[in-house]
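K.L.:
show me how the following folds:
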Amino acid sequence: MRTRKSLPVPLNEKRLLSLEEFQTYCGMGRNAALKLAVTAKCRFGTESRRILIDRVQFDKWCENNHF
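P.N.:
Model prediction:
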C-alpha cells in the first residue's frame, strides 16, 4: 500500500489548521490556543475528535478586535 506524501504548504496559505498548526500560527500553548479559537468562533468540525481552526475567520476576528 502506498502512503500519501504530503506537500509542504505554508500556514498562511492553508484555510483549515490543525490545533498544533494553529498553536504555531498564533504562538500559544495548547489550552490558550483552544480557548482563543472558541472565543473567536473559528473552531470547525466540533462533532468529530479532530479539531480544525478556520484561519481566515480567525484573521478577520483579529482585524475586527484589534488583537
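
K.L.:
and the helices in this protein?
P.N.:
19-26, 30-39, 55-65 (DSSP state H).

K.L.:
winner for burial among those helices?
P.N.:
helix 19-26 (a mean of 17; mean count of other C-beta atoms under 10 Å). Backbone N, C-alpha and C define where each C-beta goes, glycine included.

K.L.:
partner strands of the worst-scoring helix or strand of the chain on mean pLDDT, parallel or antiparallel?
P.N.:
None of the helices or strands of the chain scores lower by mean pLDDT, DSSP states H and E than strand 43-44, at a mean of 89. The pairing partners recorded for strand 43-44 under DSSP bridges are strand 52-54 (antiparallel).

K.L.:
I'd like the helices of the chain written out as a markdown table, with mean pLDDT and distance to Asn12 added.
P.N.:
Shown next, in a markdown table, are those (pLDDT from 0 to 100; distance: least, C-beta to C-beta, whole Å):
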| stretch | mean pLDDT | distance to Asn12 |
| --- | --- | --- |
| helix 19-26 | 94 | 8 |
| helix 30-39 | 95 | 16 |
| helix 55-65 | 95 | 8 |
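
K.L.:
among those helices, which comes closest to Glu13?
P.N.:
helix 55-65 (9.2 Å; C-beta to C-beta).

K.L.:
isn't Ala40 up against Phe58?
P.N.:
Yes. Counting by C-beta atoms under 8 Å, Ala40 touches Phe58, with 5.3 Å between them.

K.L.:
can you list the helices of the chain in a markdown table and add distance to Thr3?
P.N.:
Formatted as a markdown table, those follow (distance: least, C-beta to C-beta, whole Å):
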| stretch | distance to Thr3 |
| --- | --- |
| helix 19-26 | 20 |
| helix 30-39 | 27 |
| helix 55-65 | 26 |
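
K.L.:
quick one, which of the ones you listed is nearest to Ser6?
P.N.:
helix 19-26 (12.2 Å).
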